[in-house]
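Novice: Fold the following.
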Amino acid sequence: MPIWKRIPDIAALHARQPGSVNGLLGIRITEVGEDVLRGEMPVDERHIQPFGILHGGVSVVLAETLGSIASHLCCEEGQGAVGLEVNANHLLPVAKGDLVRGECRPVRIGRHIHVWNIELRRASDGRLSCVSRLTTAIIDRR
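Specialist: Next up, the predicted model:
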């Protein structure tokens, strides 16, 4: 049974991205499954640190984006999700020219708190480059 309380519409999610950090970095949602949200981001000159590899902070932006969108999709109408805490462990470098693919799954979806596990992998070889955990608070937006 799907976990989503809002209909996941990838085109509508992308329509909100221009002018935001998601749009500026080229983050794209690629799939919304029953209990998983997947996305990807290219690694180009916008994303690298001086040594030519993906900047760790940009990995965190991708992870938090995937988790925040997933959390939003699990909220009732009139509610929203805001980040409380995010952490990341950077395991392998990702070179300029590669692509990062992320997979976000719930750890817990409560009434007031959601916790998400996000894994980022290099597209070139599928190896795990970063693991992250995001906690969001569910707020009333009415």
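Novice: Does residue 104 belong to a helix, a strand or coil?
Specialist: strand (DSSP: H, G, I helix; E, B strand; the rest coil).
Novice: what sits against it?
Specialist: Residues near residue 104 by CB atoms under 8 Å, 6 or more residues apart in numbering: 36, 37, 38, 39, 63, 66, 67, 69, 70, 116, 117, 118. For glycine as for every other residue, the C-beta is placed from the backbone atoms N, C-alpha and C.
Novice: taking these one by one, which sit in helices?
Specialist: Within those, residues falling in helices by DSSP state H are 63, 66, 67, 69, 70.
Novice: nearest to residue 3, of these?
Specialist: Closest approach between the ones in helices among the contacts of residue 104 and residue 3, by CB to CB: residue 70, at 8.5 Å.
Novice: How about the residue nearest the centre of the chain: what's its closest non-neighbour residue?
Specialist: In the chain, the centroid-proximal residue (CA atoms, centre = their mean) is residue 66; its distance is 1.7 Å. Once flanking residues are discounted, residue 66 sits nearest to residue 104: 4.1 Å by CB to CB, 6 or more residues apart in numbering.
Novice: If you drop the residues flanking it in sequence, what lies closest to residue 123?
Specialist: residue 99 (3.8 Å).
Novice: what about the strands in this structure?
Specialist: Applying DSSP state E to the chain gives strands spanning 28-32, 37-42, 79-90, 99-109, 113-122, 128-140.
Novice: could you redo the ones you listed as TSV and give each row mean pLDDT and distance to residue 7?
Specialist: Output for these, formatted as TSV (pLDDT from 0 to 100; distance: least, CB to CB, whole Å):
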stretch	mean pLDDT	distance to residue 7
strand 28-32	96	9
strand 37-42	98	14
strand 79-90	97	15
strand 99-109	98	17
strand 113-122	98	18
strand 128-140	98	18
